[in-house]
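1. Here is a sequence with its predicted model. Questions after.
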Amino acid sequence: MSSIKYRPLAFGVTRAVLREGAPGVRYLQAEIALAPYGERMTDRLAHWAEVAPDRTFIARRERRPDGSTGDWLRLSYADALKQARSIAQALLDRKLSAERPVAILSENGIEHALIALGCLYAGVPFCPVSPPYSIVSQDFEKLRHVLDTLTPGLVFAADAGRFARAIAAAVPADVEVVIAEGRLEGRATTSFAELAATPATPAVDAAMRATGPDTITKFLFTSGSTKLPKAVINTHRMWCANQQQLRHSIPALGDEPPVLVDWLPWNHTFGGNHNVGIVLDNGGTLYIDDGKPTPAGMAETLRNLREIAPTIYFNVPTGFEAIAQAMETDEVLRRNLLSRVKMFFYSGAALSQPVWDSLHRTQEREVGERIVMGTGLGMTESGPFALYITSPDVKSGDIGLPAPGIEIKLIEVDGKTEVRYRGPNITPGYWRAPEATAEAFDEEGFFATGDAVTWIDEADIHRGLRFDGRIAEDFKLATGTFVSVGPLRAKIIAAGAPYIQDVVLTGINLKEVGALIFPTQKVRALAGLAPDATLREVLASAPVRAHFQQVLDTLAAASTGSANRIARAHLVSEAPSIDKGEVTDKGSINQRAVLRHRAAEVDALHAGTLPFILQPR
């Protein structure tokens, strides 16, 4: 074990049991069993409203008309329960159900949370719809698909101004629209205040008691990598079991009420199930961060982290990259963020080792110890928590062992090892999509994830597993050699840090591997051009091309064959499109969608006709 000093953090799962199955199949599970867990998450709201009624459940800064933010507005557990019961009564009055659920068009917010809690109490499923489908998209195709799949009986929008175009384009005229702020021209609406003022009757508590483990809580849509998004069914059993699994794997969650400062969108399982669930189940406080890991949004995130000290901090790799850079010079940020945080945790993509190392250097200088960087593996269909690291000695790509209660199946597929899940936290299927549901599960009832894994140490299974990419992303060269996209992509991003945002690998059925490189905004500093220079001009500049030429040369020198040698690369000036499904609202790239929509660019890259192609010397 390492002699490096870490801030103390217990790991609940450190040993596993492996058994052999049919040829090419093995089964892995935690050595400890899953403890009993609750039947519904609403019981936790009622519990904390009684035990700690005045404790802040959710807080968000006041949003001013000019777009700036002010002081924190707070919602206590007692007020959350009171307003949730009123909203539940309003939903019952409208006879909403799984066939006519609630669609939420909103970013994270207090009203959003209250609508969701009201739905939970009434036993009416809800769906937080990806905000970019409404406020970034120009064709509203995905929003229409979501609403057509759901057939909602009520649509909630946080802000009439921001969501007016989407509502006009996609919400049927006979569907009631509830607005928290503003008004829609030419359409009757109901105010959120009216819903929240509905007098609750005994019918509310009867409806809540009628819910149970199999009651649908929400629908979360997949990103739609290859087809239109699918609605993943989420139940109380999934959510409650997953929270117990989290506490088993990360015992610190139960040591004290957690405090989170979090921007992760609630339409994603990471933000909406994992993080909101951690707060609600353990009686914590969630400070909604209106920032984002973008050049424009990080200022708000850093402001919040200078003021509120989290006990656990979650982000995606691009967010940690910006924080690592800021902490190098921002003393107030370092002091506050590191004052009581027990663990950092990333998910959504690989975190490059240089960013990881930068965070650890800053932590050691500031507090004399490192903060554990937690990570694991999961997905919308697993609630999401499935695997988690087993010790502080973690490297980028490590995902650890399965949480208690999850059995994983390791099966050989196309020369890789796919991981499949079975357990109480796994979805029963996709809403109104029986064929997709049937395709998702194998003959033993394991959910086929499409994620590939390898052992950290084949001689010691208790160290757990490493992520080995998405099987569906891998491809063959014309020589028949497989290209393992995940590990190679991570290697390129690490070699080009901090100037590479993401990479899409090309070369399916061709003789060599190519790369479309999406740069970060930091390349502007490399170019030395005027601030108003276009990104195309920046990427064409001599200093930028020299830097990336060196990256390509370094990678080529370390390659061992055609499958891991980048033979040609192109710096992409056109950002990935959310309308085309090339990127999610968390910033994750969709390899297949990029290849599909930029087929001409890929062909030109390999034909040598694309301008400014980089090739190793």
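-> Done, it's in. This is a predicted model, so every value here is computed, not measured.

2. Pass me the low-pLDDT residue ranges in the stretch 1-150 of the chain, would you?
-> 1-2 (pLDDT under 70).

3. At which residues are the helices of it located?
-> Counting by DSSP state H, counting those that start in this stretch, one finds helices in the stretch 1-150 of the chain at the ranges 42-51, 77-93, 110-122, 132-135, 141-150.

4. Can you name every helix or strand that the next helix or strand after the last one contacts?
-> Scanning forward in sequence from helix 141-150, with DSSP states H and E defining helices and strands, the next element found is strand 154-159. Using 3 or more CB pairs under 8 Å, 6 or more residues apart in numbering; DSSP states H and E, the elements in contact with strand 154-159 are strand 102-105, helix 110-122, helix 160-170, strand 176-181. Every C-beta, even on glycine, is put in place using the N, C-alpha and C of the backbone.

5. and the helices of the stretch 1-150 of the chain as a markdown table, adding distance to Ala103 and mean neighbour count?
-> Formatted as a markdown table, the entries for these read as follows, by distance: least, CB to CB, whole Å; neighbours: other CB atoms under 10 Å:
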| stretch | distance to Ala103 | mean neighbour count |
| --- | --- | --- |
| helix 42-51 | 20 | 18 |
| helix 77-93 | 13 | 22 |
| helix 110-122 | 10 | 25 |
| helix 132-135 | 10 | 20 |
| helix 141-150 | 6 | 20 |
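
6. could I get those as CSV with distance to Phe219?
-> CSV is the format used below for the helices of the stretch 1-150 of the chain (distance: least, CB to CB, whole Å):
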stretch, distance to Phe219
helix 42-51, 18
helix 77-93, 16
helix 110-122, 11
helix 132-135, 14
helix 141-150, 7
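
7. between those, which one is nearest to Ala403?
-> helix 42-51 (18.9 Å; CB to CB).

8. the inter-axis angle of that closest one versus helix 77-93?
-> Angle between the axes of helix 42-51 and helix 77-93 is 140 degrees (criterion: axes from the mean of the first three to the mean of the last three CA atoms, to 10 degrees).

9. how about the helices and strands packed on strand 154-159, which one is nearest Lys230?
-> Comparing those by their distance to Lys230 (CB to CB), the top pick is strand 102-105, with 15.8 Å.

10. Quick one: list the elements packing against the closest one.
-> Using 3+ CB pairs under 8 Å, 6+ apart as the contact criterion, the neighbours of strand 102-105 among helices and strands are helix 110-122, strand 126-129, helix 141-150, strand 154-159, helix 160-170.

11. The residue lying closest to Pro487 once chain neighbours are set aside: which element?
-> Computed as CB to CB, 6 or more residues apart in numbering, the closest residue to Pro487 that is not its neighbour in sequence is Gly469, at 5.9 Å. Using DSSP H and E, the element containing Gly469 is strand 465-470.

12. Quick one: distance of stretch 574-585 to the chain centre.
-> Centroid separation for stretch 574-585 versus its chain: 16 Å, with CA atoms, centre = their mean, to the nearest Å.

13. Also stretch 555-575?
-> The chain centroid and the centroid of stretch 555-575 are separated by 27 Å, computed with CA atoms, centre = their mean.

14. How about stretch 323-336?
-> For stretch 323-336, the distance between its averaged C-alpha position and the chain's averaged C-alpha position is 24 Å (CA atoms, centre = their mean).

15. mind checking the end-to-end distance for that stretch?
-> Between the opening and closing residues of stretch 323-336 lies a distance of 13 Å (CA to CA, to the nearest Å).

16. What of stretch 559-569?
-> Separation of the first and last residues of stretch 559-569 by CA to CA is 15 Å.

17. ok, the closest residue to Leu410 other than its chain neighbours - contacts?
-> Closest residue to Leu410 in three dimensions, ignoring its sequence neighbours and counting by CB to CB, 6+ apart: Arg26, at 4.5 Å. By CB atoms under 8 Å, 6 or more residues apart in numbering, the contact list for Arg26 reads 18-20, 409-410.

18. Same check on Asp502?
-> Contact criterion CB under 8 Å, 6+ apart gives 349, 489, 493, 518, 576, 589 as the residues in contact with Asp502.

19. quick one: which of the residues you listed is nearest Ala80?
-> The shortest distance between Ala80 and any of the contacts of Asp502, using CB to CB, involves Ala349 and amounts to 32.6 Å.

20. Of the helices and strands packed on strand 102-105, which is nearest Asp205?
-> Each of these was checked against Asp205 via CB to CB, and the shortest separation belongs to helix 110-122, namely 8.6 Å.

21. Tell me what angle that closest one forms with helix 42-51.
-> Orientation check (the same axes, to 10 degrees): helix 110-122 against helix 42-51 gives 110 degrees.

22. mind checking which helix or strand of the protein has the lowest mean pLDDT?
-> The helix or strand with the lowest mean pLDDT-type score in the chain, counting by mean pLDDT, DSSP states H and E, is strand 475-476 (a mean of 78).

23. quick one: strands adjacent to that strand?
-> Using DSSP bridges, the neighbouring strands of strand 475-476 in the sheet come out as strand 482-483 (antiparallel).
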